[in-house]
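Student: Just the structure for this:
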Amino acid sequence: MKDLAAPRTIPHLAKADLGVHWFLPGARRHFATSTRATSDLIVLLAVPGRTVRQAREEVRFDADAASILEFMVEHGLGERELAGLVSQ
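Tutor: Sure thing, here's the model as predicted:
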């Protein structure tokens, strides 16, 4: 039987060290790493009032940013304000 629990990491982004580490609130281990450019894009999308799910819908060209935001949505953070989850 297939395990339906959400994965703990994004495999292709968790093993590499691209410079920026992404953590879920309260977690000790990062679930992904990204380049500074991907991080800057996510921070740019973190305007007051925009949720993680809304930011995910705005990403069209950066697959890593989309994967990071989708991972956050899958772990129950979709309705949280993105600005409260990222540091600028």
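
Student: and the closest residue to Met72 other than its chain neighbours, how many residues sit next to it?
Tutor: Nearest non-adjacent residue to Met72, counting by CB to CB, 6 or more residues apart in numbering: Val52, 4.9 Å away. Quick note: C-beta positions are derived from backbone N, CA and C, even for glycine. Using other CB atoms under 10 Å, Val52 has 27 neighbouring residues.

Student: Tell me which residues touch Val52, please.
Tutor: Applying CB atoms under 8 Å, 6 or more residues apart in numbering to Val52 gives the contacts 69, 72-73, 77-82, 85.

Student: out of the residues you listed, which is most surrounded?
Tutor: Result: Leu69 is most packed of these (other CB under 10 Å), 26 neighbours.

Student: Report the contact partners of it.
Tutor: 42, 52, 55-56, 59.

Student: which of those residues lies closest to Gly19?
Tutor: Gly19 lies nearest to Ile42 out of the contacts of Leu69, by CB to CB, at 13.5 Å.

Student: what's the closest one in contact with, if anything?
Tutor: Ile42 touches 34, 55, 65, 68-69, 82, 86, counting by CB under 8 Å, 6+ apart.

Student: Could you do Thr35 as well?
Tutor: 18-20, 64.

Student: where's it relative to Trp22, distance?
Tutor: 12 Å (CB to CB, to the nearest Å).

Student: Grab the most central residue of this protein for me.
Tutor: Taking CA atoms, centre = their mean, the centroid of the chain lies closest to Ile68, which sits 2.9 Å from it.
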